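K.L.:
Model the structure of this input:
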Amino acid sequence: QAQLVESGGGLVQAGGSLRLSCAASGRTFSSHPMGWFRQAPGKERDFIAGINSSGGRTYYADSVKGRFTIYRDNAENTMYLQMNSLKPEDTAVYYCAQNRHGLGIWSREVDYDYWGQGTQVTVSS
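P.N.:
Predicted coordinates for the structure are as follows:
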């Protein structure tokens, strides 16, 4: 059974940057693709970025492409989300998730079986 713990959220002004971390334990980290999702107030949780098990391939939602970068350090069992040029519409609770499959990149929630508790990101205008 895996445990995921996010950190790095907070309050930032529009145009600023934040880096989120997701520390994983309990399951072989390097064997599973990972992803970041977010849920804004009153909205459904949405996929924003995914990375394959080796870290060599990534995939982004259009809303964050070019501004956010997902990467992972398999030696440290940690995944990151570097967020630049933040906008007020990026305000949400951000969740990391570990995929149940071993290959590929996945954007559907149903393909992820372990989730972190979430970290709040608030972008002020």
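
K.L.:
any idea which element the spatially most central residue of the chain lies in?
P.N.:
Compute the mean C-alpha point of the chain, and by CA atoms, centre = their mean the closest residue is W36, 2.3 Å away. Assigned by DSSP states H and E, W36 belongs to strand 34-39.

K.L.:
Give me the distance from that strand to the chain's centre.
P.N.:
Centroid displacement of strand 34-39 relative to its chain, using CA atoms, centre = their mean, to the nearest Å, is 4 Å.

K.L.:
Report all helices and strands that that strand contacts.
P.N.:
Secondary-structure packing of strand 34-39 (3 or more CB pairs under 8 Å, 6 or more residues apart in numbering; DSSP states H and E): strand 18-25, strand 45-51, strand 68-73, strand 78-83, strand 92-99. No exception for glycine: its C-beta is placed from N, CA and C like everyone else's.

K.L.:
circling back to that earlier point, distance check, the residue nearest to the centre of the chain against A49.
P.N.:
W36 is 5 Å from A49, where distance means CB to CB, to the nearest Å.

K.L.:
The spatially closest residue to A97 that is not a sequence neighbour pairs with what?
P.N.:
Spatial nearest neighbour of A97, excluding adjacent residues (CB to CB, 6 or more residues apart in numbering): Y112 at 3.8 Å. Going by DSSP bridges, Y112 is paired in beta bridges with N99.

K.L.:
what's the neighbour count on Y112?
P.N.:
24 (other CB atoms under 10 Å).

K.L.:
can you list the weak-confidence ranges in this protein?
P.N.:
Scanning the chain for pLDDT under 70 picks out no residues.

K.L.:
residue contacts, S54?
P.N.:
S30, N74 (CB atoms under 8 Å, 6 or more residues apart in numbering).

K.L.:
for it, helix, strand, or coil?
P.N.:
Following DSSP: H, G, I helix; E, B strand; the rest coil, we place S54 in the coil state.

K.L.:
List the residues that contact S7.
P.N.:
So S7 contacts L20, S21, A23, T119 (CB under 8 Å, 6+ apart).

K.L.:
out of those, which is most surrounded?
P.N.:
For those, neighbours tallied by other CB under 10 Å; top is L20, 24 neighbours.
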